[in-house]
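# okay, sequence plus prediction incoming.
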Amino acid sequence: MKDYVNLPFHPQMEKIVNILRKKTQNEDPVFFRLMVSYYFSKMASMMRTNVQIADTQKLPINMYAINLAPSGSGKGHSVNIIEDEILGKFRTNFLEHTFPHIAERNLDKLAVRRSGKHGSDPDKEKIRATAEFSELGELMFSFDSATSAAVKQMRTKLLMAGAGSMNLEIDEIGSNLTGNREVFDNYLELFDIGKIKQKLIKNTRDNVRMEDLFGNTPANMLLFGTPTKLLDGSKVEEEFIIMQETGYARRSFFGFCRYRKTRKGQTAQDIYDIYTDTVTAKYLAKLNNDFAALADPVQFGQTIKMQKNVSLLLFDYRLRCQTLADTFSEYEELRKAELSHRYFKVAKLAAVYAYVDKAPYVSSDHLDNAIAMAEQSGEAFLKILNRERSYTKLAHYIASIGKELTHADLVEDLPFYKGTETQKREMMNLAIAHAYKNGIVIQQETMDGIEFFTGKSVEETDVNKIQIAWSTDITTNYNAEKVPFNKLNQLVNIPNHHWVTHALRDGYRDEAHCIPGVNLVVLDVENSVSISTAQLLLKDYKYLMHTTKRHTEEEHRYRILMPISHFLELEARDFKEFMNNIYNWLPFAVDRQTNQRSRKWLTCKGNYWYNDGDLIDALQFVPKTKKAEDWKARTANQASLSELEQWCINDSETEGRNNQLAKYSFNLIDMGHDEKSVLEHVLTLNKKLDIPLDDAEIMSTIMHSVRRKIAEKGTPI
């Protein structure tokens, strides 16, 4: 099969797109490509152009487009340029000359047919048909809302005229979606070949049932607006997704731009040049004249054929799409539907490009241009399906607003934060879970029975940019730097220097001069556990361990420098609680008086050891967060356990029960326990696990390692 990556877009379309990008100061072409393609299709369908694939049934050309871009992307400006400066003369020529001419000719045929059917005078039938045609109202080149009855009435006028198409074009679709549900149901039927079933009404003297005319009336639809208004997480979004499920996913082309891309580095002169660009103005005037010629009656009713070689390429693309669609799961019905029907939209759009180029046949280039649009549309549709969920939006809103929020604030500000207390609570829990996984800290605090929420996005730690400040003086002249973690050994081994983990305003060390922002924690260990035991327990984490001035072989005194997962900006009170949470998490005792931001550390010449591993997950220790509160609640029931026992139990879910019990047994050996004592302790702790290991597994794995470890240590068994 052919490779459908990086296919070219239609050259004429791209020239117009570049002009629109320049005039609207929006560098993203996605929205403009779909917009221009839609208006090309509109011209072709108004002139009742058809496409014939491999000498089979003729298909009317039309397009449904759903085009989303943020406010300020130039949606309205680009539409005005296309409608007035590019298609203005086409519209005038079609409405004032071509449509009346074709309609007159078709009414003559209708009168002759009716006279033959009724045995009446053709001239009288012509008068009646003309009056009936006039009573149906003026042809609308486009409309932004409709009722089902009005759609069917307009369709009757188009059937009588034998020309034109119905063009539904709705701006701000997020605000206007639910009010047009009726017309969307009609448009589902109209897409394929332009037919719709009539409603049966009671025939009376005052309400005479009109003749049901047979034929096709192409329909075009353009829905555009902002993604935030349409995909708002509430009723509007729900209605939109239901629309896709009922058939619009397979019928529509999609455009989706989440952010506006502005051109960088422009000057006032550049903008002035854009407004006074005569070359562009002349080119647009030429396009206006060229497209006016496409509305000539000579161009009416063309059938653009797709010959065998191009039809084979289309069928190859169809097979490729179906093969890929078959790989999707049963829960991805919308993706399957859009992809498996993509070829049908491609066939129509390829004929549109041929029509614009005044070509009698669809070329392979036209097909490639249409496939390029279909592939871009597929990417946009996938972005819509993978849109931010309500809880995701909630998390990002709390993080971006920069102030305390209550439930009342959220209900007032966010259209999707609705429902019962239980539903809102569930959404908040999902938002907090999303935040935790995506570098957002959401803190909760209850005062006088009112919940307050604050949030902040935090950066992941770059281990080559660890925040410190150092000085040769205890209090003054601290130099703030961001240094590689693997170079910190050079600092801690310099005698008689002082350093802290925060930057200091004016280089002065006290709590008031600390600048919030830390990505390194320091643990001070004295007469707690041996260096080898600490290394064993922390072997899965990145650290720098170094001995202090008072370290001896008999009494191990050392510090552990551990980078944390995120750069946290914590005020003094929160930092103290943050450090206390880490102390409670550790499997051994440390100096708990070192939990101040301004705590300074003295350097000295000594031994040091690096270990490579994971960074401490800092977000689970930030105070007033759900993770920290869950951790406190869990450990509150473990007061009777030692720090080491708590560590083994709490980490058994992530590290594995066998691994944690093995670590526990090795630490017991380091503490001087013999094999019998180790076995007793391991069996006792195993029973406290949520799901204990079998005794047989402990004997065959853990105790086997224990005996080998004791033998290596030289301790009597």
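That came in fine, so what should we check first? Residues are numbered from 1 along each chain as shown.

# pull the longest helix from this structure.
In the chain, assigned by DSSP state H, the helix with the most residues is helix 364-385.

# list the buried ones in that helix?
365-378, 380-381, 383-385 (16 or more other Cβ atoms under 10 Å). In this view, the C-beta of every residue, glycine as well, is placed from N, C-alpha and C.

# report the mean confidence score over that helix.
The average pLDDT within helix 364-385 is 95.

# for it, packing partners?
helix 30-46, strand 252-256, helix 308-325, helix 333-340, helix 342-356 (3 or more Cβ pairs under 8 Å, 6 or more residues apart in numbering; DSSP states H and E).

# the residue nearest to the spatial centre of the chain in helix, strand or coil?
Centroid check for the chain by Cα atoms, centre = their mean gives residue 387 as the closest residue, at 4.4 Å. Three-state call for residue 387 (DSSP: H, G, I helix; E, B strand; the rest coil): coil.

# pretty sure it sits against residue 228.
No - if you go by Cβ atoms under 8 Å, residue 387 and residue 228 don't touch, sitting 10.1 Å apart.

# longest strand in the protein, by residue count?
strand 557-568 (DSSP state E).

# which neighbouring elements make contact with that strand?
strand 459-460, helix 488-492, strand 518-526, helix 531-537, strand 543-547.

# can I get the CA coordinates of it in PDB?
Only the C-alpha atoms of strand 557-568 are listed here, as PDB (Å, rounded to 0.1, in the frame of the first residue of the first chain):
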ATOM      1  CA  ARG A 557      27.700  10.200  61.900                       C
ATOM      2  CA  TYR A 558      26.800  11.200  58.300                       C
ATOM      3  CA  ARG A 559      24.500  13.200  56.100                       C
ATOM      4  CA  ILE A 560      22.400  12.100  53.200                       C
ATOM      5  CA  LEU A 561      21.700  14.500  50.300                       C
ATOM      6  CA  MET A 562      18.700  13.400  48.300                       C
ATOM      7  CA  PRO A 563      17.200  15.300  45.300                       C
ATOM      8  CA  ILE A 564      13.400  15.400  45.300                       C
ATOM      9  CA  SER A 565      11.200  14.900  42.300                       C
ATOM     10  CA  HIS A 566      10.000  18.500  41.900                       C
ATOM     11  CA  PHE A 567      11.100  22.000  42.600                       C
ATOM     12  CA  LEU A 568       8.800  23.100  45.500                       C
END
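
# tilt between that strand and strand 543-547?
For strand 557-568 against strand 543-547, the angle by axes from the mean of the first three to the mean of the last three Cα atoms, to 10 degrees is 150 degrees.

# buried stuff in strand 557-568?
Result for strand 557-568 [16+ other Cβ under 10 Å]: buried residues 557, 558, 559, 560, 561, 562, 563, 564, 565, 566, 567, 568.

# that strand: how far from the chain's middle?
Relative to the mean C-alpha coordinate of its chain, strand 557-568 is positioned 34 Å out (Cα atoms, centre = their mean, to the nearest Å).

# pull the residues that contact stretch 140-148.
42, 46, 91, 94-95, 154, 166-171, 176, 179-180, 182-183, 185-186, 199 (Cβ atoms under 8 Å, 6 or more residues apart in numbering).

# among those, which ones are buried?
Buried among the contacts of stretch 140-148 (16+ other Cβ under 10 Å): 42, 46, 91, 94-95, 154, 166-170, 176, 180, 183, 186.

# which pair in the residues you listed spans the largest distance?
Using Cβ to Cβ, the two most remote members of the buried ones among the contacts of stretch 140-148 are 94 and 176, lying 26.4 Å apart.

# now tabulate the helices and strands packed on helix 364-385 in JSON lines and tack on distance to residue 434.
Below are the helices and strands packed on helix 364-385 laid out as JSON lines (distance: least, Cβ to Cβ, whole Å):
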{"stretch": "helix 30-46", "distance to residue 434": "27"}
{"stretch": "strand 252-256", "distance to residue 434": "21"}
{"stretch": "helix 308-325", "distance to residue 434": "30"}
{"stretch": "helix 333-340", "distance to residue 434": "23"}
{"stretch": "helix 342-356", "distance to residue 434": "32"}
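
# could you list the low-pLDDT ranges of this structure?
1-2, 192-214, 634-640, 651-655, 714-717 (pLDDT under 70).

# walk me through the domains of it.
11-199+209-385, 390-457, 460-713 (automatic domain parsing).

# so which of these gets nearest residue 5?
domain 11-199+209-385 (8.0 Å).

# between its first and last residues, how far does that closest one reach?
30 Å (Cα to Cα, to the nearest Å).

# swap in stretch 44-55?
This stretch, stretch 44-55, spans 20 Å end to end (Cα to Cα).

# sorry, back to before: out of the domains of the chain, which is closest to residue 4?
Closest to residue 4 of these is domain 11-199+209-385 (Cβ to Cβ; 5.7 Å).

# what packs against the host helix or strand of residue 706?
Using DSSP states H and E, residue 706 sits within helix 703-713. In terms of contacts (3+ Cβ pairs under 8 Å, 6+ apart), helix 703-713 is packed against helix 657-670, helix 675-687.

# buried residues in it, which are they?
Buried-residue list, helix 703-713, by 16+ other Cβ under 10 Å: 703, 706, 709, 710.
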